[in-house]
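> Next comes the sequence, and after it the predicted model I'd like to discuss.
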Amino acid sequence: MAANSVTKNAKSAYDASSIQVLEGLEAVKRRPGMYIGSTGPRGLHHLVREIIDNSIDEALAGYCTEILVTIHQDNSVTVTDDGRGMPVGKMAKYGKPAAEVIMTTLHAGGKFGGEGYKVSGGLHGVGASVVNALSEWLELEVRREGHVWSQRYERGFPKSALTKDRKLKKGEGTGTIVSFMPDREVFTETQDFSFDTLSRWFREWAFLNKGLKIRLLDEREEDRDVTYQYEGGIRDFVEHINEAKDPVHKTVFYLEREEEVGDVEVAMQWNSGFQDSVFTFANNINTHEGGAHLSGFRSALSRTINAYARQKGLLKEKEESLTGDDIREGLAAVISVKLQEPQFEGQTKTKLGNTEVKGLVESATNRYLAEFLEERPGEAKAIVNKALQAARARLAARTVREKIRKGYLESSTLPGKLADCSSKDPARSELYIVEGNSAGGSAKGGRDRNFQAILPLRGKILNVEKANINKILSNTEIQALISAIGAGVGESFDLEQARYNKIVIMADADVDGSHIRTLVLTFLYRNMPELIEAGYVYIALPPLYKITHNRREHYAKNDAELRETLDRIKANGNVSISRFKGLSEMNPHQLWETTMDPQNRTMLQVTVESAAVADELFTALMGDKVEPRKAFIEENAREVKNLDA
């Protein structure tokens, strides 16, 4: 047997001598992805997040009011805060200053049952030391105990002792400055920090920490300097969410309550839209999977709104109660809790597990929301009427929902236009959503029928950002999408029932194609977000140019690739360049070779880094208001390529 031959040929012994213990920060250097997620762009930006976490911990403790993050010309980063300054006293156990222990030892910090922090976001305590291990160099400056202290590290190792440099000048405050250069041997994909990514994070953290000023300065370009500070905290956050929407009542509901269990803040306001935008946080960590705090909020919201509606006669005795979906339609809300010992499910910290928090949020929301409704009867009536409208649309859509439940839109009755694949294994199967029958014909002819299915859409599908659930589920093209994917929609969606683990949006490389992609993405994000979270959604990148040279065909996706191809083939005039106006201009072989063949194709995986940012973007691009779209175009006009493509 094969297993025996492996055993017989094994040369290495497995005994006590083969066990290796990685000392200090060696484990981080050996497997950085375990600590920062990846060594790509996400991991690179995570370094900044880990350092600023320490500054925000100081803000949560009430000692830090300003944070400055500077991206230098060489892509090194400096984080400066005005907190108490990292402790510099010697730790007897280690025989080193506390600052050096923090910078060189995993799980060292003031957040593990000591008196350093009551509340902390950086729970695992690996942040500063991991950044140190993954940097070519790191320089630490501490202003504390009347002096300025400094120390330099290279790839995690101190190059000098922590030194007392000078006395603090009159009026010079305390604080910590950390400067670091990411290690190019670790971050081989890119060392360029994204101003937009960091600014989005900092704005969110400024909302969550009332009054904290966070400034981002980018020295690589002029006019790249933003400062975020919100005295209203999460109230301002909700107003920001509703900025491109029409609120149905004037006052933003807000509660703040401190209990032994923890602290809770809730802010919310309804708008005239059809989507809910509810975001939850625990100790400044975005818990996008929800958890106990979200459960408590939803329970209180349903109970309080239904009780008020019945008490005031807005909901008759014989009428069924409003559902959670009815009440949350058009709701913009932020729930933020601060706990001494948060319990997150999984290393990713995306779902809060503290069961006691459910009662805290539920009781606070019950009490203060009931008072809010009683004190503002006009606004309360507008809120209830919004939910009643949603209920009427839901009841009108019940017939379609019943068809979904009974299987009318499931795999047993697939849409006639779907050219399905023979594979029944979702992990292997791919669904291509294409624009129009002509492009669909090329895709059907060029695909591998074993694992690639084709669903042609007739023109542009419904913009779900402007439609209620009844209109959405009654749309023929959306019914075809739901049917083909096979996992239901909305609350009935079940990811495990999805018939394909790759759903590829394949549209023309022109303005209309971009619009169709955006419409399909809007539908998927608003009604099947689990597909995107699971990494199932992709965008195909068909070529824009065909280059014929010496009877050989080459393809380019954009102008830069075209120039690169012409240089590579050393074209000297004996070359023909044609531009594809659409997918239907490609024959089946060309479409397979350039866009569908797993060996050659390039696809973009759709991911959501921040639910709040995604919500803001979809609202701006697909909502009713023109001003946010105009502002988006003005801000991003310089990035446009191939406008006439």
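That came through, no problem.
> any weak-confidence spans in the stretch 301-450 of the chain?
In the predicted model, the stretch 301-450 of the chain carries pLDDT under 70 at residues 346-349, 400-413.
> which residues of the stretch 1-150 of the chain fall in helices?
All helices of the stretch 1-150 of the chain, identified by DSSP state H, counting those that start in this stretch, fall at 2-9, 26-30, 33-36, 41-60, 98-104, 127-133.
> I'd like those as a markdown table, with mean pLDDT and mean neighbour count appended.
(C-beta placed from N, C-alpha, C; glycine too.) Shown next, in a markdown table, are the helices of the stretch 1-150 of the chain (pLDDT from 0 to 100; neighbours: other CB atoms under 10 Å):
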| stretch | mean pLDDT | mean neighbour count |
| --- | --- | --- |
| helix 2-9 | 41 | 8 |
| helix 26-30 | 81 | 16 |
| helix 33-36 | 81 | 18 |
| helix 41-60 | 90 | 22 |
| helix 98-104 | 89 | 21 |
| helix 127-133 | 88 | 26 |
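> so which of the ones you listed gets nearest Met91?
helix 98-104 (5.3 Å; CB to CB).
> can I get the CA coordinates of the closest one in PDB?
Extracted C-alpha coordinates of helix 98-104, given in PDB (Å, rounded to 0.1, in the frame of the first residue of the first chain):
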ATOM      1  CA  ALA A  98       8.000  48.300  30.100                       C
ATOM      2  CA  ALA A  99       8.100  50.000  26.700                       C
ATOM      3  CA  GLU A 100      10.700  47.500  25.400                       C
ATOM      4  CA  VAL A 101       8.700  44.600  26.800                       C
ATOM      5  CA  ILE A 102       5.500  45.900  25.000                       C
ATOM      6  CA  MET A 103       7.500  46.300  21.700                       C
ATOM      7  CA  THR A 104       9.200  42.900  21.800                       C
END
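> tell me the mean pLDDT for stretch 467-478?
Averaging pLDDT along stretch 467-478 gives 87.
> For that stretch, which outside residues touch it?
With contact meaning CB atoms under 8 Å, 6 or more residues apart in numbering, stretch 467-478 is reached by 274, 390, 393-394, 396-397, 400-401, 404, 457-458, 461-462, 464, 479, 482, 489-490, 523, 527.
> Now a PyMOL select for only the buried ones of those residues.
Typed into PyMOL, the line below selects the buried ones among these, using 16 or more other CB atoms under 10 Å:
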select buried, resi 274+390+393+394+397+400+401+404+457+461+462+464+479+482+489+490+523+527
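> The stretch 151-300 of the chain: helices as residue ranges?
195-208, 234-241, 292-311.
> so which of those gets nearest Glu139?
Nearest to Glu139 among the helices of the stretch 151-300 of the chain is helix 195-208; the distance by CB to CB comes to 20.0 Å.
> Which positions in the closest one come out as buried?
Result for helix 195-208 [16+ other CB under 10 Å]: buried residues 195, 197-208.
> cool, and stretch 150-162?
Ser150, Gln151, Arg152, Tyr153, Arg155, Gly156, Pro158, Leu162.
> Straight-line length of it, end to end?
Using CA to CA, to the nearest Å, the end-to-end distance of stretch 150-162 comes to 6 Å.
> Mean confidence (pLDDT) on that stretch, please.
92.
> got a list of contacts for that stretch?
Residues contacting stretch 150-162 (CB under 8 Å, 6+ apart): 24-25, 28-29, 88, 97, 99-100, 103-104, 129, 132-133, 135-142, 149, 163, 165, 183.
> Could you export the host helix or strand of Lys471 as PDB, CA atoms only?
Taking DSSP states H and E as the criterion, Lys471 maps to helix 469-474. The C-alpha trace of helix 469-474 is given here as PDB (Å, rounded to 0.1, in the frame of the first residue of the first chain):
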ATOM      1  CA  ILE A 469     -39.800  44.300  -1.700                       C
ATOM      2  CA  ASN A 470     -43.000  43.700  -3.600                       C
ATOM      3  CA  LYS A 471     -41.600  45.400  -6.700                       C
ATOM      4  CA  ILE A 472     -38.300  43.700  -6.400                       C
ATOM      5  CA  LEU A 473     -39.700  40.200  -6.200                       C
ATOM      6  CA  SER A 474     -42.200  40.800  -9.000                       C
END
